[in-house]
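1. predicted coordinates and the sequence they were generated for:
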Amino acid sequence: MDGKPCEGVSDRSGDVFDPATGQVRAKVPFASQDDVDAAVAAASRALPGWRGTSLAGRTRVLFAFRELLSARRHELAKIVTSEHGKVESDAAGEIARAIENVEYACGAAQLLKGGFSENASTGVDVYSISQPLGVVGVISPFNFPAMVPLWFVPNALACGNTVVLKPSEKDPSAAVFIAELFAEAGLPDGALNVLHGDKVAVDGLLEHRDVKAISFVGSTPIAKYVYETGTRHGKRVQALGGAKNHMVVLPDADLDLAADAAVSAGFGSAGERCMAVSVVVAIDPVGDELVAKIAERITRLRVGDGRRPTSEMGPLVTAAHHERVESYVEAGVEAGARLVVDGRGIEVD
């Protein structure tokens with residue numbers, strides 16, 4: 001907050017687990033309303049100076065951040081794996097996508113050009129300009145603790161806004177690392193603040209009169225809540241709700257390729273992503289053969305600690321998520337589905 005570590009005033013906190021071992025690796029403070037107010041106030045104080053910084057000056061900071069992020073990408077990947085659980089190759093892919101988003105923001109000077117129409121009506125010229133909104137809030141999910149914040153934060157900053165970032169309390173350290181890199185890149189104090197917490201922090205941002213816009217990624221019910229609450233308080237809101245992909249396999253498909261794609265999509269990042277294929281529809285007569293190929297590949301998957309190079313699938317982020325996935329398998333069996341591969345009760349070293 002305001003360019004330096006801050007303890008906050010709340011006495012509430014949460015455990016941050018290492019998903020591979022179940023051990024508590026850290027504690028994260030949960031913000032109070034006073035902490036929310038302090039973070040927004042820091043962003044508000046930084047706003048005049050940052051919005052007054054030239055496009056060239058903002059771009060210079062973003063380019064410097066891009067270079068730091070690229071140079072330290074492996075550190076960030078290890079942080080993601082240690083708190084989310086995804087294998088390091090998945091985490092490295094997440095950081096690669098994040099860097100692409102930063103590179104897009106580095107081109108904002110071209111994207112922010114206005115428009116001019118001469119003599120649009122007799123003797124009337126028309127022009128348009130793009131200006132910062134002000135303080136914006138970013139609320140990001142647990143499954144991409146580095147990439148999703150970097151969908152929003154670099155673009156918001158490039159446009160001259162200041163930001164309060166509220167990461168998931170399950171894996172909060174990536175957001176702190178990102179903020180430290182921005183500070184090292186020359187971002188002014190207060191232009192980016194990281195606010196940890198739960199619903200108190202979320203509601204504080206949604207209802208705060210000095211927060212002008214909200215970007216959110218998470219489950220569909222919470223996305224609806226964020227959209228309705230934020231817009232009711234006069235904010236611009238973009239809220240991306242939960243999603244899952246479906247795959248349709250036609251009779252003339254390459255079934256080996258289709259099976260590889262289904263397993264990679266379904267089990268990469270332990271399936272905790274919107275790109276996970278949760279439903280595969282096979283058109284007769286290839287269904288049975290496709291099921292057999294998918295089952296064969298699943299049974300060969302090496303499940304384990306994401307930090308081990310041999311692991312192909314890491315743990316789910318928490319025990320509660322593990323129990324929820326098991327309940328889906330049980331619900332399918334109870335509904336009459338044929339269970340081809342049973343991952344319940346698997347023993348992992």
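-> That came through, no problem. All values reported here derive from a predicted model rather than from experimental measurement.

2. output the lowest mean pLDDT helix or strand found in this structure.
-> The weakest-scoring helix or strand in the chain, judged by mean pLDDT, DSSP states H and E, is helix 108-111 (a mean of 85).

3. where do the helices sit along the stretch 51-200 of the chain?
-> Under the criterion DSSP state H, counting those that start in this stretch, the stretch 51-200 of the chain contains helices at 55-71, 73-84, 88-106, 108-111, 149-158, 173-184, 199-207.

4. what's the most buried one of these?
-> helix 149-158 (a mean of 25; mean count of other C-beta atoms under 10 Å). (Each C-beta comes from the backbone N, C-alpha and C, glycine too.)

5. follow-up on the earlier one: compare the helices of the stretch 51-200 of the chain and give me the one nearest residue 192.
-> Counting by C-beta to C-beta, residue 192 lies closest to helix 173-184 out of the helices of the stretch 51-200 of the chain; the figure is 5.3 Å.

6. what's the angle from that closest one to helix 149-158?
-> Our comparison of helix 173-184 with helix 149-158, counting by axes from the mean of the first three to the mean of the last three C-alpha atoms, to 10 degrees, yields an angle of 30 degrees.

7. can you give me how far helix 173-184 is from the chain middle?
-> Centre-to-centre, helix 173-184 and its host chain are 15 Å apart (C-alpha atoms, centre = their mean, to the nearest Å).

8. now it: average pLDDT?
-> What helix 173-184 shows for mean pLDDT is 98.

9. which strands or helices does that helix pack on?
-> Judged by 3 or more C-beta pairs under 8 Å, 6 or more residues apart in numbering; DSSP states H and E, helix 173-184 is in contact with helix 55-71, helix 73-84, helix 149-158, strand 162-166, strand 192-194.

10. which parts of the stretch 201-349 of the chain are helices?
-> 220-232, 255-267, 287-300, 319-334.

11. report the inter-axis angle for the third one versus helix 255-267.
-> When you say that, I think you mean helix 287-300. Using the same axes, to 10 degrees: helix 287-300 against helix 255-267 is 50 degrees.

12. buried stuff in helix 287-300?
-> Within helix 287-300, the residues scored as buried using 16 or more other C-beta atoms under 10 Å are 290-291, 293-294, 297-298.

13. spatially central residue for the protein, please.
-> Residue closest to the mean C-alpha point of the chain, counted by C-alpha atoms, centre = their mean, is residue 148 at 2.8 Å.

14. assess the claim that it and residue 218 are in contact.
-> No: using C-beta atoms under 8 Å, residue 148 is not in contact with residue 218, being 9.4 Å away.

15. can you list residues touching both of those two?
-> The contact sets of residue 148 and residue 218 overlap at residue 141 (C-beta atoms under 8 Å, 6 or more residues apart in numbering).

16. so what's the closest residue to residue 1 other than its chain neighbours up against?
-> Ranked by C-beta to C-beta, 6 or more residues apart in numbering and with sequence neighbours excluded, the top spatial neighbour of residue 1 is residue 193, at 4.8 Å. By C-beta under 8 Å, 6+ apart, the contact list for residue 193 reads 1-2, 39, 42-43, 163-165, 179.
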